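# The following block contains a protein sequence and its predicted model.
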Amino acid sequence: MKHSVQIFTAVIFLLSISIASAQESGEELFESAKMAQKLNEHAKAVDLLSKAIRNGVLNSDVFFRRGVSHERLGKLNEAVQDYSKAIEIDPRMETALNNRGSAYYRLGEYDRAIKDYGRAIELNPGYGLAYYNRGNAYHGKGQFEKSIEDFSRAIQIDPRDKDVYNNRGWAYLQVNEIDKSIEDFDRAIQLDPNYVLAYANRGNARLKSGNVEGAIQDLSRAIELNPEFATAYLQRGNAYVRKGLLDEALNDYNKAVRISPILADPYNNRGWVFFKKGNIAQALRDVSKAVSLNPELSKAYTNRGWIHKSIGECPKALPDFDRALELDPSAAAIYVFRAECLLSMHQTDRARSDLDKAYALDPTNPEILETLGSLKEIAGDYSAALEMFTKLVDLRPNDSAAHVDLGMALGKSGSLARAVEEFTRAIQLDPQNREAYLRRGVARDLLGDKKGSRNDFTTGLQMKEETSPRLRQPINTSLVREYTNLR
C-alpha cells in the first residue's frame, strides 16, 4: 500500500514536470512560429502555432498570428475563425478586427468587412489602414462616394501612402471625376516613380478623357516596368483601336492572351479587331472563346450578336442580344441592336418595344430618336414621332435629314406651314437633298402653293436618287412625275 502511494506520488511528480515542460515548449513553439512568419514560411508557422495552442499557449496573439498565416495561405474561413477567437479573448484588439475584415472582404462579404473595419476605427480613430480597407470594401459594393471619403481620411492620416492615392484615383474614375482621378495617380507616381499599377490606371483615365497619346505613353511605361502585365497590353490595345491602329492593337491583344490565357477580355477585344479587319471566322472564334471563359461578360455576347447581325444572320444574333440584356438590362445600345435585327425580320412591334426601352434609358441618343421616331410615324403615332424628331433636331441642328424627319412628322400632324419651314431648312443645309424638295413639294401643294409645289417637284426629280437609310417608304416619284405632267 505504501509502495502504491509512492508510485502514485511519483506519477504526480512526473506529471507536474511534464506540464511545466509542455508550457515552456509551447512558448518556444510560439517564438519559432514568429520566425517562420518572418521568413514567409506560413504553412510551417500554422503547424507550429497549432502545436503551441495544443500545449497551452492561448493568448489572443497566437490566434491572431495563425489567422495571418491562414490568410496568407488563402485559407480564408480558417483565418476568420482564428481572428474571431483572438477578438473573443481581446475584444479591443483592433488589428484582429481589421484583419478579419480583410478576410471577409476577400470572401466577398463586404457588409461584414465594413462592420469590422468600423469597429477597428471606433477603437482607434487614427487607424489609417482600417479607413483604407473600408474604402476598398465600399468600392467593392459600388458605393464609390463613401469609398472616396474613407480614402481621403486615410490620406489625412498618412499623406505619403501611394496605394491610397491610387485607389482613390480609381474610385474617382468610376464616378467620372477624371481630372481628380488623374491628379491622384500623378501623386501616387510622384511617391513611387516605378509604381506600375498607377501608370496603368492613369493610362485608363487618360484614355477615358480622350487623351489617347497620353494613355499609350502611360501604358507603355507600365509594360516597360512589368513586361508580363497582361491588363496593360489589353488597355494599350484598346488605345490603339481608338487611333485606328488595328495591327498594333492586334499585337497587344496577342500578348495579353499569351500572358494570361484565362482572361476573357483580350479574346473579346481581339475578336472585334478581327471583325474590323474582315476576318469574320476568327472574330467569331475569339468572342466565343471570351464567352466560354466568362459566361457573365455581356459585351462578348453583344459583340458576337453584332457580328452575326452584320453578316445578315439575325436569327443567330438574337439569342446573344437576349443574353447580353439579361446580364446588362440597362444597356440602351443593345436594345437598339436587337431592334434593328427584329426590323430586318419584320417583327415591327417587338422592335418598337425594344426602342421604347432604349429611349427610356437613353432619351438623348440620336440613333434611338431617329429609328424610334420613324417607327412611331409608320404606326400613325404622329405626336410621339414629333417629340422624337424635335429632340433629334435639337441634338443635330445641322443634320439635313433630321429636319426632313421633323418636317414629315409636322406635316402628318397637320402643321403644313411648319413642315415647309423644316424642309426649307433641310435644303439650306444640303442643297442636294432630293427628298426635302419632293416632301416640300407635297406640303406646298396641300397648302395651295401650286407654283412652289411644281418647282420643288421639278428640282427634286432632276436630282440623283439615293437610297435613304430611313425606315419610311421613299416618296413615289412616278406619281410625282405623272402629277407634274398633268398640271
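Happy to help now that I have it. Numbering: from 1, shown residues only.

# mind showing which ranges of the stretch 101-250 of the chain have poor pLDDT?
Along the stretch 101-250 of the chain, the model assigns pLDDT under 70 to no residue.

# so what's I114 closest to, chain neighbours aside?
Of all residues not flanking I114 in the chain, A137 sits nearest, at 4.9 Å (Cβ to Cβ, 6 or more residues apart in numbering). For the C-beta atoms, the positions are set from N, CA and C on the backbone; glycine is no exception.

# Hmm, I typed the wrong one, I wanted V46.
Once flanking residues are discounted, V46 sits nearest to S69: 4.8 Å by Cβ to Cβ, 6+ apart.

# mean confidence for the strand or helix carrying that neighbour?
Using DSSP states H and E, S69 sits in helix 60-72. In this model, helix 60-72 has a mean pLDDT of 97.

# All further residue positions should be reported with the first residue as 214.
Yes, from this point I'll number from 214; that puts the last item at helix 273-285.

# Please pull up the helix or strand immediately following it.
Next helix or strand after helix 273-285 toward the C-terminus (DSSP H and E): helix 289-302.

# Thought S511 was touching D478, still the case?
No: contact status for D478 versus S511: not in contact, 11.8 Å apart, counting by Cβ atoms under 8 Å.

# Those two: which is more packed in?
More crowded of D478 and S511, by other Cβ atoms under 10 Å: D478, with 23 against 17.

# From A513, how far out is the more buried one?
From D478 over to A513 the distance is 8 Å, taken as Cβ to Cβ, to the nearest Å.

# next one: F398
Counting by Cβ to Cβ - F398 and A513 are separated by 29 Å.

# And for Y344?
37 Å.

# So between these two, which is more surrounded?
For the pair Y344 and A513, the greater number of neighbours falls to A513 (30 against 24), based on other Cβ under 10 Å.

# quick one, phi/psi of the closest residue to the more buried one other than its chain neighbours?
The shortest distance from A513 to any non-neighbouring residue, by Cβ to Cβ, 6+ apart, is to A503 (4.0 Å). Phi and psi for A503, reported as degrees, to the nearest 10, are phi -60, psi -40.

# Would you mind measuring from A503 to E539?
Applying Cβ to Cβ, the value for A503 to E539 is 17 Å.

# With neighbour numbers in mind, choose between these two.
Under the neighbour definition other Cβ under 10 Å, A503 and E539 were set side by side, and A503 has more, 26 against 11.

# so that one makes contact with G484?
Yes: with contact defined as Cβ under 8 Å, A503 counts as touching G484 (6.7 Å).

# which residues are common contacts for the two?
Contact criterion Cβ atoms under 8 Å, 6 or more residues apart in numbering; residues shared by A503 and G484: A513.

# got the CA positions of stretch 489-504 in CSV?
Extracted C-alpha coordinates of stretch 489-504, given in CSV (Å, rounded to 0.1, in the frame of the first residue of the first chain):
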residue,chain,number,x,y,z
LYS,A,489,-12.9,45.2,-88.3
LYS,A,490,-10.2,43.6,-90.4
GLY,A,491,-12.7,41.4,-92.2
ASN,A,492,-11.7,38.1,-90.7
ILE,A,493,-15.2,37.1,-89.6
ALA,A,494,-14.4,33.4,-88.8
GLN,A,495,-11.6,34.3,-86.4
ALA,A,496,-13.6,37.1,-84.9
LEU,A,497,-16.4,34.7,-84.0
ARG,A,498,-13.9,32.2,-82.6
ASP,A,499,-12.4,34.8,-80.3
VAL,A,500,-15.7,36.3,-79.0
SER,A,501,-17.0,32.7,-78.5
LYS,A,502,-13.8,31.9,-76.5
ALA,A,503,-14.4,35.0,-74.4
VAL,A,504,-18.0,33.8,-73.7
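
# what sits against V470?
Contacts for V470 (Cβ under 8 Å, 6+ apart) come out as L476, P479, Y480, R483.

# mind running it again at 10 Å?
Residues in contact with V470 (Cβ atoms under 10 Å, 6 or more residues apart in numbering) are A443, Y446, L447, L476, D478, P479, Y480, N482, R483, D499, K502.

# Equivalent analysis for D643, please.
Taking Cβ under 10 Å, 6+ apart as the criterion, D643 is in contact with N611, D612, S613, A614, H616, V617, A649.

# distance of it from S613?
D643 is 4 Å from S613, by Cβ to Cβ.

# Report the set of residues contacting both of these two.
Between them, D643 and S613 share the contacting residues A649, judged by Cβ under 10 Å, 6+ apart.

# For the most centrally placed residue in the chain, which non-adjacent residue is closest in space?
The structure's the chain has its C-alpha centroid closest to Q387; by Cα atoms, centre = their mean the separation is 8.8 Å. Leaving aside its chain neighbours, Q387 sits nearest to F357 (4.8 Å; criterion: Cβ to Cβ, 6+ apart).

# quick one: the one you found and E390 touch, right?
Yes: with contact defined as Cβ atoms under 10 Å, F357 counts as touching E390 (9.4 Å).

# list residues touching both of these two?
Here F357 and E390 share the contacting residues A384, scored by Cβ under 10 Å, 6+ apart.

# Would you check how far apart G484 and S245 are?
The spacing between G484 and S245, counted by Cβ to Cβ, is 54 Å.

# can you check A265 too?
A265 is 9 Å from S245, where distance means Cβ to Cβ.

# Counting neighbours, go ahead and name the busier of these two.
Legend: neighbour count by other Cβ under 10 Å for A265 and S245, higher for A265 (24 against 17).

# any idea which element that one lies in?
Using DSSP H and E, A265 falls in helix 255-267.

# Return the distance of that helix from the chain's centre.
Here helix 255-267 is found 43 Å from its chain centre; the criterion is Cα atoms, centre = their mean, to the nearest Å.

# Mind giving me the packing neighbours of that helix?
Contacts defined by 3 or more Cβ pairs under 10 Å, 6 or more residues apart in numbering; DSSP states H and E place helix 255-267 against helix 215-251, helix 273-285, helix 289-302.

# quick check: angle from it to helix 289-302?
On the basis of axes from the mean of the first three to the mean of the last three Cα atoms, to 10 degrees, helix 255-267 is oriented at 40 degrees to helix 289-302.
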